[in-house]
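J.: Just to be clear, the model below is a prediction. Sequence and coordinates:
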Amino acid sequence: MAKKVVIVGAGFTGLSMGLDLSKAGFDVAIYEQDKVIGGLASTFETEGQKLERFYHHRFTNDKSVMALIKDINKESSVRLRNTNTGMYYANRFYKLTSPLDLLKFKPLSLFNRIRLGILTLRVRKISDWRRLESLSAADWLRSMAGDEVYRVVWEPLLRGKFGKAAEEVSAVWIWNKLKLRGGSRSKNGKEQLAYYKGGFGQLLLDLRQEIETYGGKVECSSKVHHIKEKNGQVHSVNVDGRDINADIVVVTTPLPLAASIIKNVVPKAYLKKITNIQYLSNICFVLELNRSLSSTYWLNVNDPSFPFVAVIEHTNFEEKSLYNNNHIVYLSKYLPASDELYKMNDEDALNFATKNLKRMFADFDDSWIEKSHVWRADYSQPIVVKNYSSYIPGKETSIDGLYVNSMAQIYPEDRGTNYAIREGRYLANQIIQKSLT
């Protein structure tokens, strides 16, 4: 009889695991408490198209995503696009797509423009991230490019992302971000990103269909409350009052949710390690506008008084014709769940967002908004502090057959679809190999 595997969470980690385990002959059931699959990559429908709740794209060096797409025979669904980036600083817009744009970036002296360019080259040559672990991102960036570059370019972005925790964020976190972005360029030096035809929501549906083809099942609106063990071995999971037998359980939720599910079966030391990792929440506004804000895809906001770290105009990346010719704009803010903005009702939060948007784009008017959507995620960004590797709990627990495989355990890389898939498939392979011994 095939071993019964229960996967908690139908994000890309859980679904990629489910695919490989189903193909290997395991009896797989994936339970998702949300109404839709995808986790932070989940989508909603507008104008007949699936659109991400929280903006997503794929870097061209995201090998795990591409390998998965190839395995489900959907390579023809991948679109490559040249993109452009910019910066809003001191009430002005700057283009920052090419080395020439950087040389024209007047908020920095010419010497420091060159230092910033050299920084991106030096980052790619660092292969051993361990020597950065004891350094904060702030100290490392200052040492690499100087105080002016840090103050103008990096400090606003770190504070916009991590708030009060900005000074504690590990150099490893920013190193990986710079390395990843620098490696996603075409032969002519332009940044090139990828998108899946129909969005990540379509990829999720294609993945789910493939799992079901191999006999696995995916159930939404199904919350796993706790796990039972017997003689040190996984015995069952409780799903909305139903006890379902299982030989193997993999919890892929954010660690605070995982802790509530496994707290009755794991040792206190393991539970403490899980609960020690702190998260930021995220509020994301998706605006469907009848005209464009600008020609820039990704606009970094280097103004400490502005509440959003970036303005992402999705339809400067993907065709606006897919969305009834509306222009799709994302405004994203990482913040504690206790923050006043996070707790506002949708109408008040939207008013707050548009009020600030008018500060940047003087012509912007509420009449431009055809539709608006407000999305929240309680556990969006683990705070990657110095020496983060010492905080990460192992994926394998002391209970035989019980695993925890979350985005907070992806390190030295930061959370992201590519790494969610990589780690999901890696653990699936470990489980398959273990079953053969």
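T.: Great, that's in hand.

J.: A strand includes residue 283, no?
T.: Yes - counting by DSSP: H, G, I helix; E, B strand; the rest coil, residue 283 is part of a strand.

J.: ok, it - contacts?
T.: 332-333, 335, 341-342, 349, 374-376 (C-beta atoms under 8 Å, 6 or more residues apart in numbering). Where C-beta positions appear, they are placed from N, C-alpha and C, glycine not excepted.

J.: And it, how far from residue 327?
T.: In this structure, residue 283 lies at 21 Å from residue 327, with C-beta to C-beta, to the nearest Å as the measure.

J.: Residue 308 is in contact with residue 360, correct?
T.: No - using C-beta atoms under 8 Å, residue 360 is not in contact with residue 308, being 9.2 Å away.

J.: Between the two, which contacts overlap?
T.: When C-beta under 8 Å, 6+ apart defines a contact, the residues bordering residue 360 and residue 308 alike are residue 301.

J.: Please say which of the two ends up with more neighbours.
T.: For residue 360 versus residue 308, neighbours defined as other C-beta atoms under 10 Å are more numerous around residue 308 (23 against 18).

J.: Skipping adjacent residues, who's closest to the more buried one in space?
T.: Beyond its immediate neighbours in the sequence, the residue positioned closest to residue 308 (C-beta to C-beta, 6 or more residues apart in numbering) is residue 331, lying 4.7 Å away.

J.: what helix or strand does the one you found sit in?
T.: Per DSSP states H and E, residue 331 falls inside strand 327-335.

J.: Packing partners of the helix or strand just after that strand?
T.: For strand 327-335, the following helix or strand on the C-terminal side (DSSP H and E) is helix 340-343. With contacts defined as 3 or more C-beta pairs under 8 Å, 6 or more residues apart in numbering; DSSP states H and E, helix 340-343 has these neighbours: strand 279-289, strand 327-335.

J.: picking that back up, what subset of the contacts of residue 283 is buried?
T.: For the contacts of residue 283, burial is judged from neighbour counts taken by 16 or more other C-beta atoms under 10 Å, and it is met by 332-333, 335, 342, 349, 374-376.

J.: Same list, those residues, but as TSV with distance to residue 222 and pLDDT please.
T.: Converted to TSV, those look like this (distance: C-beta to C-beta, whole Å; pLDDT from 0 to 100):
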residue	distance to residue 222	pLDDT
332	29	93
333	30	93
335	29	94
342	26	97
349	29	97
374	25	97
375	21	97
376	21	97
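
J.: Name the nearest of the residues you listed relative to residue 276.
T.: When those are compared for distance to residue 276, the smallest value, 20.5 Å, is given by residue 335; criterion: C-beta to C-beta.

J.: Nearest residue to that closest one in space, please, no chain neighbours.
T.: Take residue 335 and drop its neighbours on the chain: the residue closest to it by C-beta to C-beta, 6+ apart is residue 342, 5.5 Å away.
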